[in-house]
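Student: Coordinates for the following, if possible.
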Amino acid sequence: MNRPPEEFIRVPHQQLHGFVAAAGQKVGLPKAKAELLAQLLVTNDLRGVFSHGTQQIAAYAHLMREGKLNPDPQLQVVRETPCSVLVDGDGGLGYFPAHEGTLRAIEKAKAVGMAAMVSRNHGHFGAAGIYSRLAIGHDLIAYVTSGHQLHLQPDEPLYAAGGGSPMSFLAPTDQEDPLVLDFGALHDFYSDSKRQQIAPLAPGLVLRSIGMGEICQAWGGLLSGLNFDPNPPRWTWEGANQGALVILLRLELFADPAEFKRQMDLYVQQVRQLQPLPGFDQSHVPGGIEAARERQYRQEGVPVGKRHQKHLEKLAEELAIPAPWR
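Tutor: Numbering: from 1, shown residues only. A predicted model of the protein is given here:
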């Protein structure tokens, strides 16, 4: 899904950041929120997670211009305990409450050992790995998911029950790149042709993927208060159709952090020596390829493919701002 494009231009990440920040402010985002959004989207591009990178600003800008998302949301901590926090996103993009809530949960987990964050009343929160990676450097392990408003109809394929199904897991390391698993449980089953090929061969794989998607919906959506019946809508802004969950655990509760991270380093090193899957030239734990790409793209520039270019050029024309490569 996120293989580097075959045809592309190299764009310095600073120019992509500047474009997203400028576009965000053009459609009403305050400067600080526009800068944060730019940072998060550009980091995804740097890691090669292009599906959730800077090309998304085109869709977000339209949602805010059309009045479906609040461009200037005022975040509210609805409920808080020593080990939990519930953050309301006031109808804006999900990045803002999920980011703020995760930072709060990290401090709580460091203080009491474990913590959870739920965000509600917001739109798309991006790649789940954004929030698991925030725990790097704090001796924490993390789980992240999100759910969105479903509109299930009788006789739809069972796949529909899984929604968007984003998940991320983090296991920290010492010297090696951390293990960051960041995926959508059903992404390989959006296509009917792939479903027809895979389902007869591996029905258990299909059912596990759907089951993981249903957990995303239950824990990330219903737990946030997103009603299953969308009529009337749970929240005011039409595009505020998502919730999110972050769970954090301190290593020290169960193991010596230094020894755990040393063992993780050995794990990462040994996995690199395993035989790669067909079509791949190396073996990595999740997050290894993305970390290597980030180091490369920070030096050489982000490879921006043709479709990516079209999204940003069209938005640049609509907002009367220069494209990031002009």
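Student: give the contact list for His284.
Tutor: 271-272 (C-beta atoms under 8 Å, 6 or more residues apart in numbering). In short, each C-beta sits where N, CA and C put it, glycine included.
Student: buried sites along stretch 49-61?
Tutor: With burial defined by 16 or more other C-beta atoms under 10 Å, the residues of stretch 49-61 counted as buried are 49-50, 52-58, 60-61.
Student: nope, stretch 303-314 is what I meant
Tutor: Using 16+ other C-beta under 10 Å as the test for burial, stretch 303-314 gives 303-305, 308-309, 311-312.
Student: how about Ala115, secondary structure?
Tutor: strand (DSSP: H, G, I helix; E, B strand; the rest coil).
Student: Was I right to think it contacts Ile106?
Tutor: Yes. Using C-beta atoms under 8 Å, Ala115 is in contact with Ile106, at 7.5 Å.
Student: which neighbours do these two share?
Tutor: With C-beta under 8 Å, 6+ apart as the test, Ala115 and Ile106 both reach Leu248.
Student: Between those two, which has more neighbouring residues?
Tutor: Ala115 (25 against 22; other C-beta atoms under 10 Å).
Student: Three-state assignment for Arg131, please.
Tutor: Rather than Arg, residue 131 is Tyr. helix.
Student: so how far is stretch 262-275 off the chain centroid?
Tutor: 26 Å (C-alpha atoms, centre = their mean, to the nearest Å).
Student: now could you export just the CA positions of it as CSV?
Tutor: What follows is stretch 262-275, C-alpha atoms only, in CSV (Å, rounded to 0.1, in the frame of the first residue of the first chain):
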residue,chain,number,x,y,z
ARG,A,262,18.6,-4.9,25.3
GLN,A,263,16.6,-8.0,24.4
MET,A,264,14.6,-6.0,21.9
ASP,A,265,17.8,-4.9,20.2
LEU,A,266,18.8,-8.6,19.9
TYR,A,267,15.4,-9.4,18.6
VAL,A,268,15.7,-6.7,15.9
GLN,A,269,19.2,-7.8,14.9
GLN,A,270,18.2,-11.5,14.7
VAL,A,271,15.1,-10.8,12.6
ARG,A,272,17.3,-8.9,10.1
GLN,A,273,19.2,-12.2,9.5
LEU,A,274,16.1,-14.1,8.6
GLN,A,275,15.1,-15.0,5.0
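Student: hey, which helix is longest across this protein?
Tutor: helix 95-112 (DSSP state H).
Student: how about it: buried residues?
Tutor: Across helix 95-112, burial judged by 16+ other C-beta under 10 Å covers 95-102, 104-106, 108-110.
Student: Pipe these into a markdown table and attach distance to Ser119 and pLDDT per row.
Tutor: Converted to a markdown table, the buried residues of helix 95-112 look like this (distance: C-beta to C-beta, whole Å; pLDDT from 0 to 100):
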| residue | distance to Ser119 | pLDDT |
| --- | --- | --- |
| Tyr95 | 10 | 98 |
| Phe96 | 9 | 98 |
| Pro97 | 4 | 98 |
| Ala98 | 5 | 98 |
| His99 | 9 | 98 |
| Glu100 | 8 | 98 |
| Gly101 | 5 | 98 |
| Thr102 | 9 | 98 |
| Arg104 | 11 | 98 |
| Ala105 | 10 | 98 |
| Ile106 | 14 | 98 |
| Lys108 | 15 | 98 |
| Ala109 | 16 | 98 |
| Lys110 | 20 | 98 |
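Student: just curious, which of those is nearest to Arg234?
Tutor: Ranked by distance to Arg234 (C-beta to C-beta), these are led by Pro97 at 14.9 Å.
Student: Correct me if wrong: that closest one contacts Asp88.
Tutor: Yes. Contact status for Pro97 versus Asp88: in contact at 6.8 Å, counting by C-beta under 8 Å.
Student: Just want the most central residue of the chain.
Tutor: Ala127 (1.1 Å; C-alpha atoms, centre = their mean).
Student: Give the helix, strand or coil label for that residue.
Tutor: coil.
Student: gap between it and Ala316?
Tutor: 23 Å (C-beta to C-beta, to the nearest Å).
Student: Kindly report the same for Gly279.
Tutor: Gly279 is 36 Å from Ala316, by C-beta to C-beta.
Student: quick one, which of these two is more surrounded?
Tutor: It is Ala316, of Gly279 and Ala316, that has more neighbours when counted by other C-beta under 10 Å, with 19 against 5.
Student: Spit out the contact partners of that one.
Tutor: 19, 23, 322-323.
Student: what do you get for Gly91?
Tutor: 69-70, 73, 121-123, 235-237, 239-240 are the contacts of Gly91 under C-beta under 8 Å, 6+ apart.
Student: For ChimeraX, what selects the buried ones among those?
Tutor: Remark: buried members of the contacts of Gly91, expressed as a ChimeraX selection using 16+ other C-beta under 10 Å:
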select :69,70,73,121,122,123,235,237,239,240
